[in-house]
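Asks: okay, sequence plus prediction incoming.
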Amino acid sequence: MQVRLRKLRKDRSRRPALWNRFYSVDWGTTSTNNYGFAPASGDHPERFQHQMYLELLGRLQEVREVTPGMKLLEVSCGRGGGLKAFLSGAPAMDATGLDVADAAIAFCRRTHGENDRLRFVQGSALDLPFPDGSFDVVLNVEASNDYADRERFFREAARVLKADGIFLYTDTVQRGRRDEMERGLAAAGFSANFRDITQNVVDACRADTPRRREVIRRHAPLPVRLFMKDQLANYAALEGSRKFTAFLDGRRQYVMTAAAKA
């Protein structure tokens with residue numbers, strides 16, 4: 001099992017299968033999957049993860065007036081908790097959540113419901129199932145490193161955005177490769193100014209480690225906990241893990257932008 005999962009993780013073309021397995025696990029009420037941002041407001045168990053989305057909403061509000069009926073697409077919405085947090089600050093937007101994993105979309109529909117202003121769609125980030133110019137805002141949180149072709153995703157995001165659309169984007173990047181990310185965005189037609197939020201992410205990971213450990217203990221399948229303990233800790237960026245240490249010593253950055261179509 002460990003060998004199979006390792007192969008899935010390394011082969012990005014097979015990541016959709018891995019994510020469908022991941023979202024098929026009963027993770028209880030956990031519905032938001034990112035490293036988090038601190039400081040965070042409120043007392044919700046996933047407040048650090050929600051704050052990441054609220055920070056992106058703040059970036060949007062710095063560059064655009066959020067008006068009723070604006071159309072938002074989140075690519076790789078997972079279990080939908082982040083999208084719901086975003087909409088809590090912008091309830092007048094019409095939102096679509098897309099994820100490659102059928103299991104994630106099924107959870108979103110059961111948990112969050114669908115109506116005229118909120119829907120969930122299964123589909124690929126590399127071939128978005130929407131016409132050109134469909135959205136005012138495209139949102140992507142901590143997902144693009146998993147895509148087989150990130151530059152193609154950037155082009156797809158630009159394609160489905162309106163001429164004055166905004167791409168709200170945040171992800172991790174290895175030290176020395178930020179320029180490569182910026183060139184990919186520019187080639188897709190975006191003008192992006194990044195904000196480095198690595199310290200905020202480190203603070204969130206440290207503060208949230210006890211909760212993340214408990215989620216893993218309660219919900220991760222026993223064979224995974226037994227044979228992939230270090231991988232789980234790294235995936236969740238628990239304090240002391242390789243991922244956490246990479247953030248702490250600067251080998252990996254976490255960046256955020258509200259990119260406009262150039």
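Replies: Now that the structure is in, tell me what you want to look at. Numbering: from 1, shown residues only.

Asks: number of nearby residues for the closest residue to Ser124 other than its chain neighbours?
Replies: Sequence neighbours aside, Val100 is the residue nearest to Ser124 in space, at 5.5 Å (criterion: Cβ to Cβ, 6 or more residues apart in numbering). Glycine gets a C-beta too; all of them are placed from N, C-alpha and C. Val100 has 22 neighbouring residues, counting by other Cβ atoms under 10 Å.

Asks: again, but for Glu62
Replies: 8.

Asks: go on, Glu55?
Replies: 18.

Asks: wait, it touches Phe37, no?
Replies: Yes. Counting by Cβ atoms under 8 Å, Glu55 does reach Phe37; the two are 5.4 Å apart.

Asks: endpoints of stretch 133-149, how far apart?
Replies: 21 Å (Cα to Cα, to the nearest Å).

Asks: just the buried residues of it, please?
Replies: Of all the residues in stretch 133-149, those buried under the rule 16 or more other Cβ atoms under 10 Å are 134-144, 146-147.

Asks: can you pull the residues that touch both of Glu55 and Phe37?
Replies: Contact with both Glu55 and Phe37 is made by residues Ile197, according to Cβ atoms under 8 Å, 6 or more residues apart in numbering.

Asks: follow-up on the earlier one: format the buried residues of stretch 133-149 as JSON lines; extra columns: secondary structure, distance to Asp203 and pLDDT.
Replies: Below are those laid out as JSON lines (DSSP: H, G, I helix; E, B strand; the rest coil; distance: Cβ to Cβ, whole Å; pLDDT from 0 to 100):
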{"residue": "Ser134", "secondary structure": "coil", "distance to Asp203": "36", "pLDDT": "98"}
{"residue": "Phe135", "secondary structure": "strand", "distance to Asp203": "32", "pLDDT": "98"}
{"residue": "Asp136", "secondary structure": "strand", "distance to Asp203": "32", "pLDDT": "98"}
{"residue": "Val137", "secondary structure": "strand", "distance to Asp203": "27", "pLDDT": "98"}
{"residue": "Val138", "secondary structure": "strand", "distance to Asp203": "28", "pLDDT": "98"}
{"residue": "Leu139", "secondary structure": "strand", "distance to Asp203": "23", "pLDDT": "98"}
{"residue": "Asn140", "secondary structure": "strand", "distance to Asp203": "23", "pLDDT": "98"}
{"residue": "Val141", "secondary structure": "strand", "distance to Asp203": "18", "pLDDT": "98"}
{"residue": "Glu142", "secondary structure": "coil", "distance to Asp203": "16", "pLDDT": "98"}
{"residue": "Ala143", "secondary structure": "coil", "distance to Asp203": "22", "pLDDT": "97"}
{"residue": "Ser144", "secondary structure": "helix", "distance to Asp203": "23", "pLDDT": "97"}
{"residue": "Asp146", "secondary structure": "helix", "distance to Asp203": "24", "pLDDT": "94"}
{"residue": "Tyr147", "secondary structure": "coil", "distance to Asp203": "27", "pLDDT": "96"}
